[in-house]
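In: Predicted model, plus sequence, below.
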Amino acid sequence: MGIKLFLDDMRTCPDGYVLARNYDECILMLTACEVEVLSLDHDLGAARTGYDVAKWIVEKNRWPKQICFHTSNPVGRRNMQQLLQRYAPPYVAIDR
């Protein structure tokens, strides 16, 4: 069974999730672990965003079973959703 991964630079990590504070930590976890659920924030207070993580997932074809969004940025949310929905394999659930 895989982990639940929570990408956010400021929020408290929910119980049952593993926290990644930035792009690099998130990519490390996506590479090293089987990720069942990925919850994405868009704005990470750095040069790379949750959208960059979404692009990496598409480029590397490294898909969690479920992707959800907890970002407060509506444009960032829509951009991540659209990119991931366009390329996701049928077994991946993407929250709307």
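Out: Here it is on my side, so go on. Residues are numbered from 1 along each chain as shown.

In: In this protein, where's the longest helix?
Out: In the chain, taking DSSP state H as the definition, the longest helix is helix 74-87.

In: quick one: contacts of the helix or strand just after that helix?
Out: Using DSSP states H and E, the helix or strand that follows helix 74-87 towards the C-terminus is strand 93-94. Strand 93-94 has contacts (C-beta atoms under 8 Å, 6 or more residues apart in numbering) with Lys65, Gln66, Ile67, Cys68, Gln81, Leu84, Gln85, Ala88. Using the backbone N, CA and C atoms, a C-beta is placed for each residue, glycine as well.

In: Pipe these into JSON lines and attach pLDDT per row.
Out: Listed next are the contacts of strand 93-94 as JSON lines, based on pLDDT from 0 to 100:
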{"residue": "Lys65", "pLDDT": "97"}
{"residue": "Gln66", "pLDDT": "98"}
{"residue": "Ile67", "pLDDT": "98"}
{"residue": "Cys68", "pLDDT": "98"}
{"residue": "Gln81", "pLDDT": "98"}
{"residue": "Leu84", "pLDDT": "98"}
{"residue": "Gln85", "pLDDT": "97"}
{"residue": "Ala88", "pLDDT": "98"}
